[in-house]
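> A structural model of the following input is requested.
(one chain, ligands or ions: 2)
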Amino acid sequence: MTLTAVVHDAAQVVTLETTDEDRADEADGEERTDGERDGDVHTELAVYEDAAVAVEDGRVARVGPTGPVTREFPPENAAHAVDANGKAVIPGFVDPHTHALFAGDRSDEFEAKLRGKTYQEILEDGGGILRTVRATREASDERLLANLLGHLDEMLAHGTTTVEVKSGYGLDTETELRMLELIDRADDRHPVDVVPTFMGAHAVPEGRSADEYVEEVVHDQIPAVESQGIAQFCDVFCEEGVFSVEQSRRVLEAGKEAGLTPKVHAEELARIGGTQLAAEVGATSADHLLHSTEEDVAALVENDVVPVLLPGTAFGLGADYADARQFVEAGADVAIATDFNPNCYSQSMGFAASLSCVEMGMTPAEALVAATTNAATALDLPAEVGTLQEGAPADIAVLDAPSYVHVPYNFGVNAVDTVLKGGEVVYRG
Ligand code: NIG
Ligand code: FE
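Ligands and ions are numbered 1, 2, ... in the order given. You can find the predicted model right below:
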């Protein structure tokens, strides 16, 4: 065993561990007092004060009071000793929904939206996704990879240690495969873990009908993605004027046959039934959900579909936010994500957490759970990812602040000071 790291003297270590006691309490239907969550709580925050984390072979070996932990695991024997005096230590963020691989710049659309143009009007004028598709098709592999690595650097600096990245700015077999290949290369090259999602059904390419294009996705793209063997999920933009529920279902069913787990962009701009579809096809998550109803929420909970809320998108669009309380109170394991893309230009999970609290009514504790362990569930990752319980991968964010509450509280500012991935220090602010 190698002592990879010891993070010591922290004001606070938040592990979000799941204990047997929690499971017993849940089975007894007991109310929880910690974690401040109203729903079907699977995880408590478990906050240790004046605490340390010891890491062996890249995994959390011990969490507890600094004295006993550092006697058993002396920091001077560790490859990385991190003095966290006065600082809070939390699991690295898991960002379960991004479109972080693209070329071009759409900052002018931000201005157009501020002048009152809608997202759909921009899309209909050949802007929006289709404009990024043109820029992405034209860009070299080197350019695209450098763009993605730059965004991953920014995410890491903001405490994200695992991120999902979707294809979907290719909209043809060749470019979709190229995007997935580059996502895979970025995963190899960068300390942040990257989870690849195929999203050929992100928009209808110029000059095609949606039906015709869905046939291409089903008959050409999905088989090619299957033999390439990189993508883990298949996502679709189920939206008024983009792909209908039936078209989306065709794509997701074909993806499932090719071994790709479904995800759905649902009820972002209008309610057309994407949430129910997610429940029916057994999706891992349904994302956006700005217009979901009570029935939709119930269907997600019943079918263990993780609602992934993306408040940055509502912020950027000037739209109404999803009703997070509705999901939490129905017992859903709500996750949050940045949705980083040219239409929602923020790589910061901290900012998403601030919006979740101020605009969607979540508590800081709920936002932290949503940004870590629940986000890991939205990516089908092992249960310990997004926690600092013993045995979890030592993906750790050390804050330049004494409590985890500073993540949402210090809005617009990066609260992250140091990041460890698998116990290695990979970022220092
Ligand atoms: O999640 N809704 C579709 N996809 C992205 C937007 C992508 C873009 O505008 O480039 C989203 O918001
Ligand atoms: Fe998206």
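> Apart from its neighbours in sequence, what residue is nearest the residue of the chain found nearest ligand 1?
Per Cβ to the nearest ligand atom, N343 is where the chain lies closest to ligand 1, at 3.4 Å. (C-beta placed from N, C-alpha, C; glycine too.) Excluding its sequence neighbours, the residue lying closest to N343 (Cβ to Cβ, 6 or more residues apart in numbering) is G316, at 6.3 Å.
> and the one you found, that one's in a helix?
Yes - counting by DSSP: H, G, I helix; E, B strand; the rest coil, G316 falls inside a helix.
> Spit out the contact partners of it.
G316 makes contact with F110, K113, N343, C344, Y345, according to Cβ atoms under 8 Å, 6 or more residues apart in numbering.
> try 10 Å
G316 makes contacts with E109, F110, K113, Y119, L310, D339, N341, N343, C344, Y345, S346, as judged by Cβ atoms under 10 Å, 6 or more residues apart in numbering.
> now S227
Shown in contact with S227 (Cβ under 10 Å, 6+ apart): L177, A258.
> Which strand or helix spans it?
helix 222-228 (DSSP states H and E).
> can you pull the buried residues of that helix?
For helix 222-228, burial by neighbour count (16 or more other Cβ atoms under 10 Å) applies to I222, A224, V225, E226.
> ok, the second one touching E176?
Yes - under the criterion of Cβ atoms under 10 Å, A224 makes contact with E176 at 7.8 Å.
> Now list whatever residues contact both of the two.
Common contacts of A224 and E176 (Cβ under 10 Å, 6+ apart): F198, G200.
> so R131, which of the three states?
Following three-state DSSP, R131 is assigned to helix.
> Same question for L156.
Assignment for L156 (three-state DSSP): helix.
> could you measure the nearest residue to L300 once chain neighbours are set aside against A370, distance?
Excluding its sequence neighbours, the residue lying closest to L300 (Cβ to Cβ, 6+ apart) is P307, at 5.5 Å. Applying Cβ to Cβ, to the nearest Å, the value for P307 to A370 is 9 Å.
> mind checking which helix or strand the nearest residue to H190 once chain neighbours are set aside is in?
Leaving aside its chain neighbours, H190 sits nearest to L152 (4.7 Å; criterion: Cβ to Cβ, 6+ apart). Assessed by DSSP H and E, L152 sits inside helix 141-157.
> any idea of the mean pLDDT for that helix?
Averaging pLDDT along helix 141-157 gives 98.
> by contact count, what packs against that helix?
The contact analysis (3 or more Cβ pairs under 10 Å, 6 or more residues apart in numbering; DSSP states H and E) places helix 141-157 against strand 93-95, helix 129-138, strand 160-166, helix 173-189, strand 193-201, strand 416-421, strand 424-428.
> wait, does it make contact with ligand 1?
No - Helix 141-157 lies out of reach of ligand 1 by Cβ under 6 Å from any ligand atom, never closer than 13.6 Å.
> Up against ligand 1, what does the stretch 51-200 of the chain have?
Applying Cβ under 6 Å from any ligand atom, we find that the stretch 51-200 of the chain lies next to ligand 1 at H99, G128, I129, T132.
> For those, work out which two are farthest apart.
Spatially, the most separated pair among these is H99 and G128, at 11.7 Å (Cβ to Cβ).
> which neighbours do these two share?
P342, N343.
> Compare the two and say which one has the larger neighbour count.
Neighbours per residue, other Cβ atoms under 10 Å: of H99 and G128, the larger number sits with H99, 25 against 19.
> Which stretches in the stretch 301-429 of the chain count as helices?
Secondary structure of the stretch 301-429 of the chain (DSSP state H, counting those that start in this stretch): helices at 311-317, 324-329, 349-358, 364-371, 373-377, 406-409.
> repeat for the stretch 1-150 of the chain
Counting by DSSP H, counting those that start in this stretch, the stretch 1-150 of the chain has these helices, from start to end: 20-27, 66-72, 107-114, 119-124, 129-138, 141-157.
> which one of those helices lies closest to E239?
Taking Cβ to Cβ, helix 119-124 is the member of those nearest to E239, at 9.0 Å.
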